[in-house]
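Asker: okay, sequence plus prediction incoming.
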Number of protein chains: 2
Amino acid sequence: MRGHQAKLDISNGCIDLSHGSGGRAMAQLISGLFHEAFGNEWLARGNDQSAFDVGGGRMVMTTDGYVVSPLFFPGGNIGTLAVHGTVNDIAMAGARPLYLSAGFIIEEGFRLSHLKMIAECMGEAARSAGVHIITGDTKVVERGKADGLFISTAGVGVVPVGLDLSAENARVGDRVLISGTLGDHGIAIMSKRQNLAFETDIISDSAALHDLVAKMVEAGGHGIRLMRDPTRGGLAATLNEIARQSDLGFRLQEEAIPVKPDVAAACELLGLDPLHVANEGKLVAIVSPEVANAVLAAMRAHPLGCDAAEIGEAIADDHHFVQMATSFGGGRIVDWLSGEQLPRIC
Amino acid sequence: MRGHQAKLDISNGCIDLSHGSGGRAMAQLISGLFHEAFGNEWLARGNDQSAFDVGGGRMVMTTDGYVVSPLFFPGGNIGTLAVHGTVNDIAMAGARPLYLSAGFIIEEGFRLSHLKMIAECMGEAARSAGVHIITGDTKVVERGKADGLFISTAGVGVVPVGLDLSAENARVGDRVLISGTLGDHGIAIMSKRQNLAFETDIISDSAALHDLVAKMVEAGGHGIRLMRDPTRGGLAATLNEIARQSDLGFRLQEEAIPVKPDVAAACELLGLDPLHVANEGKLVAIVSPEVANAVLAAMRAHPLGCDAAEIGEAIADDHHFVQMATSFGGGRIVDWLSGEQLPRIC
C-alpha cells in the first residue's frame, strides 16, 4: 500500500492543514466524518454538486453564515443552529424545505471530536426536519486565522402553488402575531460568554419552524401576508424592516408580548431590551384581520407555538415608526438597535 | 429624524461590529454596497430568501467556501473566484447555472473600499456568466477572529434532460481530456504570498466554464461520462478520486499534458508537481473513445479550451492507481498530495 494515512483519530485528533488540502486526508475527513453524520444517497455519490428532481413551480433559495460564540450553548450548538436557521428562512416564505448544503471553515487545531459532535447534531437536526444535506465543502485555515469553526449553509425548498409571502405585502389593519416568548436564544448565549457568565436556566429556542408554518398556511391561506424569524436585531429590527418595505408603521401592545420572567430579569441585568435580542425558533406573522384568530389558534395548537400571541397591528405611518403602548399607559418608539450589543449571537 | 446613521463612507470607512448586528448599519451595508453590486429584482424585494420559478426536471445544488490568501491576486480576487468556482461546480454536472447565494464572513476593520471592489467584481462575474446572486448573508467577527474576508457561495442549476454525469460513470477504455494548461491558478497565488513573492507573468486561470461545457455536451452527448474541475489537490487528486469512485485506474502520457513553461519553471523552483497544483478555469472530462475526437474538437474551438488535449485513458486496475508514462520513457505513480503544500489556494 502506498502511504495510506492512518484512520481519523476522532477521540484525540485535531484538524490540521492537510484536512483542507484536497488530498487524501481531506477525503478521509469527508467520508469518515461528514458522510457518516449526514449519510444519504446524494453525498454517497461523491460529486462536487448533487442532483435532485423537482416537480416544477416556484422554489426558494436562502443562505446563512454561522459564527456563534461559544460553539456549544444551552439548547444547541453551531451545527443545529445552522440547520434550523436555514430551514426557517425557507419556511418563512411558506415553503417546504427540501435540500441543504453545508460549508465548513475550520481553524487548524480544532478538535475532531468536537467537529464530529457538531456534524452528528446537524445530521440529526436535518433528519428531524425532513431535509437532506446533499452537498458540502471543507476549508481549513491556519491557527489564529478563524475562531474554531464557522459554518455556512444554503437551502432550497418549494412554495405551495399561489403563495407569495414577501416583505412588501403588509397592509394597514393587518395583525402582528408572534409564535412565542422573545429573547431566549440571545440570553442563553450571553449566559455562557466568558466575560459575562451568569447563572440561568434559559436555553436557546433554536428549532425548525417549517411544520408550524405549514399549519398556519393551512389555517390562514392567502390571509397570511408575510412571515419572518426575528433573529439578529430581534423583533425590533424585523418590524422596522417590514415597516419600511411595506411603507407603513406598527403599533404594539407591550403587555401582550410574551417574555419569560428569567429572560426579562437577565435583560434588566444586562441593560438589554428583549425586543432587540435574537431568537432562533420564533416567527412573526403579519396577517389580515379576517384570519388572525384562525391563524393564532393554529399556532397555539402546535408545540412550537403554544405561547403565541397577537401583539399589535399595522398602521398608516409615512415615517415607518414602530410604536409601543407600554404597560404603564405611556408610549415609546421601538427603534432599530444602533451599534452592536450582542456580537456573534448566531 | 431619529438618529439615522451617516451614509456608508466607502472610500475611507472600515467594517465594524455594528455592520453585522442586524440593525441599521447592517441594513445600510446591504442596500448601499451589496445590492448596488449585485443589483437584481430578487435582492430588491429584501427577503431572507428568494423565490424563482423552475420548469421541473433535474436540478443540481453545490456550495463552496473561499479562504484564498491573498484576497487579490493576478487574474482575479476572492469574489470572482467564488462566482467562477460555484458556476463551475454546477457546470461539471452538465447543468446550466441559474442562481447563486453569497455569504460573507468579515473581520472587523476590513476596508469598505475593498469589500465594494470585491462585491462589484462578483456582480460582474455573475452577469457575464448569466447567473444572478439572489440571496445573501453578512456576518462580522471581531478583529483577529478571521482573516479579512471569507466568502461562501452556493448555487443551483438545471440539468439537460437525460444527462447524468457522475464520478462512478468512467469505464475502461474511456479517454481523459483536459481543457488547457495546468497549475496557472496555484502558481499565480503563490507568486504573491508574502513569504515567497517571486516575479512571474502567470495569472490565475479563474473562469466560468459553463459555456465550454454546453459546447462539449452538444458534441459528445451521452458519450461524456463525467467532468470535474481540478481545483485543490490538482489533476492528481481529481483522477485518484474518479479512479476510486469508478473502480478503475488511469494511464497518462506526461508529454501530452499541457503546462506553461513559466508554470513548469516555478514548480521546479518551489519543488511542486504541476499535477498537484490548483486550477480554477480548467476541466477534466472522461469520455467514451467514440466521441473523444468530436469533444476535443469542440473544446479547441472554444476560447477557454484552445489548449485542450487528450492526455490518457482509463484502464482496469483493482488498486485504482493513476500511472504516468514519463517523457523519458519511464513510468511513475501519480499519487494524491499527502500533507499540505499550498494552504488557502482557493
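Answerer: That came in fine, so what should we check first?
Asker: helix/strand/coil for the nearest residue to residue A:8 once chain neighbours are set aside?
Answerer: Ranked by Cβ to Cβ, 6 or more residues apart in numbering or on different chains and with sequence neighbours excluded, the top spatial neighbour of residue A:8 is residue A:32, at 4.7 Å. Where you see a C-beta, it was placed from the backbone N, CA and C, and this is true even at glycine. Secondary structure, DSSP: H, G, I helix; E, B strand; the rest coil: residue A:32 is helix.
Asker: who's in contact with residue A:32?
Answerer: By Cβ atoms under 8 Å, 6 or more residues apart in numbering or on different chains, the residues touching residue A:32 are A:7-8, A:10.
Asker: which among those count as buried?
Answerer: When those are checked for burial by 16 or more other Cβ atoms under 10 Å in any protein chain shown, the buried set is A:8, A:10.
Asker: residue A:14 bridge partners, please.
Answerer: On the basis of DSSP bridges, residue A:14 takes part in beta bridges with residue A:111.
Asker: distance of it from chain B?
Answerer: Counting by Cβ to the nearest Cβ, to the nearest Å, the gap from residue A:14 to chain B is 14 Å.
Asker: that residue against residue A:111, yeah?
Answerer: Yes: with contacts counted by Cβ atoms under 8 Å, residue A:14 reaches residue A:111, the gap being 5.7 Å.
Asker: count of neighbours near whichever residue of the stretch 51-200 of chain A sits closest to chain B?
Answerer: As assessed by Cβ to the nearest Cβ, chain B sits closest to residue A:56 within the stretch 51-200 of chain A, at 2.7 Å. Residue A:56 has 11 neighbours, counted by other Cβ atoms under 10 Å in any protein chain shown.
Asker: please name the nearest non-neighbouring residue to it.
Answerer: Among residues not flanking residue A:56 along the chain, residue B:56 sits closest, at 2.7 Å (Cβ to Cβ, 6+ apart).
Asker: for the one you found, grab phi and psi.
Answerer: Here is the backbone geometry of residue B:56 (degrees, to the nearest 10): phi 90, psi 160.
Asker: hey, where'd the helices end up in chain A?
Answerer: Using DSSP state H, the helices found in chain A span residues A:24-29, A:35-38, A:41-44, A:78-91, A:112-129, A:184-190, A:210-220, A:234-246, A:261-270, A:289-300.
Asker: right, so of these, which gets closest to residue B:97?
Answerer: Nearest to residue B:97, of all the helices of chain A, is helix A:41-44, at 18.4 Å by Cβ to Cβ.
Asker: shaky segments in chain A?
Answerer: Counting by pLDDT under 70, chain A shows low-confidence ranges at A:1-6, A:194-195, A:197.
Asker: partner strands of the longest strand anywhere in it, parallel or antiparallel?
Answerer: When chain A is parsed with DSSP state E, its longest strand is strand A:96-107. If you go by DSSP bridges, strand A:96-107 pairs up with strand A:132-141 (parallel), strand A:149-158 (antiparallel).
Asker: name the residues of the stretch 151-300 of chain A found near chain B, please.
Answerer: Contacts of the stretch 151-300 of chain A with chain B, taken as Cβ under 8 Å from any Cβ of the partner chain, map to A:152, A:154, A:156, A:159, A:164, A:166-168, A:228-229, A:231-234, A:237, A:241, A:245, A:278.
Asker: and if we set it to 10 Å?
Answerer: Within the stretch 151-300 of chain A, the positions near chain B by Cβ under 10 Å from any Cβ of the partner chain are A:151-159, A:163-168, A:226-234, A:236-238, A:240-242, A:244-245, A:276, A:278.
Asker: make a ChimeraX selection of the buried ones in these.
Answerer: Per 16+ other Cβ under 10 Å, the buried members of those correspond to this ChimeraX selection:
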select /A:151,152,153,154,155,156,157,158,159,165,166,167,226,227,228,229,230,231,232,233,234,236,237,238,240,241,242,244,245,276,278
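Asker: run a quick neighbour tally on residue A:307.
Answerer: By other Cβ under 10 Å, 16 other residues sit near residue A:307.
Asker: one more: residue A:213?
Answerer: Residues lying near residue A:213 (other Cβ under 10 Å) number 31.
Asker: what sits against it?
Answerer: Taking Cβ atoms under 10 Å, 6 or more residues apart in numbering or on different chains, we find residue A:213 in contact with A:87-88, A:90-97, A:165, A:179, A:224, A:227, A:229, A:283, A:285, A:299, A:302, A:304-305.
Asker: before we move on, back to that, redo the helices of chain A as CSV? Include distance to residue B:124.
Answerer: Below are the helices of chain A laid out as CSV (distance: least, Cβ to Cβ, whole Å):
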stretch, distance to residue B:124
helix A:24-29, 31
helix A:35-38, 35
helix A:41-44, 32
helix A:78-91, 27
helix A:112-129, 34
helix A:184-190, 38
helix A:210-220, 36
helix A:234-246, 27
helix A:261-270, 44
helix A:289-300, 44
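Asker: for these, which one sits closest to residue B:250?
Answerer: Nearest to residue B:250 among those is helix A:24-29 (16.6 Å), distances taken as Cβ to Cβ.
Asker: what packs against that closest one?
Answerer: strand A:132-141, helix B:234-246 (3 or more Cβ pairs under 10 Å, 6 or more residues apart in numbering or on different chains; DSSP states H and E).
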